[in-house]
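Peer 1: Quick one, fold the following:
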Amino acid sequence: MGELEDAVMTRVWKWNRPVTVREVLEDLQQERSIAYTTVMTVLDNLHQKGWVRREAEGRAYRYEAVSTRAAYAAALMNEAWSQSDNAAAALVAFFGMMSEEQRRALRDAVRIVEGTPEGGTAVLRAQGSPAEAAEGPERAEGTGTTATAAGEVTDTAPGAGAPASDSGERNPGSAPDGTGR
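Peer 2: Numbering: from 1, shown residues only. I've put the predicted structure just below:
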């Protein structure tokens, strides 16, 4: 994803609702000079790449994210890792770059995936990480992320409501069966 595509997707993810070209344009214009047609082209490209779905509304479209920012980040990490000729060495180097807070988040994420929460709950402390995974969905304060006891993690902005439902469209980073690569 290019820099402008990322700037557009950041807004789509942050607002967590269908958006118009005009809304994205007006927000982007607070930071840079940009034309309506440029934003329209970027959103069309993101639609063609499978990152947003769109629905006609009059003569325009409303665009909505197909997956979360967390899923996008995971796809990037998976792609980079899969291109290494030594997966273990790549992981060691990656872990070595992490802050202590990120390593704690990683350990807690592994506990969630393995279903072995420490002390009955798993808490991830890093921004955008799963929150407490106790007896149902809970939101990590200020992170915009929710985790369940089953380890399901969603990325929602505080106050923005539930994440977009699964429409059957697949994330470009997913395998045809939707399980990842």
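Peer 1: For the host helix or strand of residue 4, list every residue counted as buried.
Peer 2: In this structure, residue 4 sits in helix 3-15 according to DSSP states H and E. Buried positions in helix 3-15, judged by neighbour count with 16 or more other CB atoms under 10 Å: 4, 7, 8, 9, 12, 13, 15. All C-beta atoms are positioned from the backbone trio N, CA, C, and that covers glycine.
Peer 1: hey, where'd the strands end up in the protein?
Peer 2: Counting by DSSP state E, the chain has strands at residues 52-57, 60-65, 138-139, 145-147, 153-155.
Peer 1: For the chain, give me the ranges with low pLDDT.
Peer 2: Scanning the chain for pLDDT under 70 picks out the ranges 116-181.
Peer 1: Any idea how many residues pack against residue 84?
Peer 2: By the criterion of other CB atoms under 10 Å, residue 84 has 13 neighbours.
Peer 1: Not counting its neighbours along the chain, what's nearest it?
Peer 2: Closest residue to residue 84 apart from its sequence neighbours, by CB to CB, 6 or more residues apart in numbering: residue 90 at 3.8 Å.
Peer 1: So the one you found sits against residue 81, correct?
Peer 2: Yes. The pair residue 90 and residue 81 qualifies as a contact (CB atoms under 8 Å) at a distance of 5.7 Å.
Peer 1: Could you name the helices and strands sitting against the helix holding residue 4?
Peer 2: The helices and strands touching helix 3-15, judged by 3 or more CB pairs under 8 Å, 6 or more residues apart in numbering; DSSP states H and E, are helix 21-28, helix 36-49, strand 60-65, helix 69-82.
Peer 1: Give me the angle between the third one and helix 3-15.
Peer 2: Going back to what we said before, that points to strand 60-65. Here strand 60-65 runs at an angle of 80 degrees relative to helix 3-15 (axes from the mean of the first three to the mean of the last three CA atoms, to 10 degrees).
Peer 1: Return the set of buried residues in strand 60-65.
Peer 2: 61, 62, 63, 64, 65.
Peer 1: now the second one
Peer 2: Residues 39, 40, 42, 43, 45, 46 are the ones in helix 36-49 that count as buried (16+ other CB under 10 Å).
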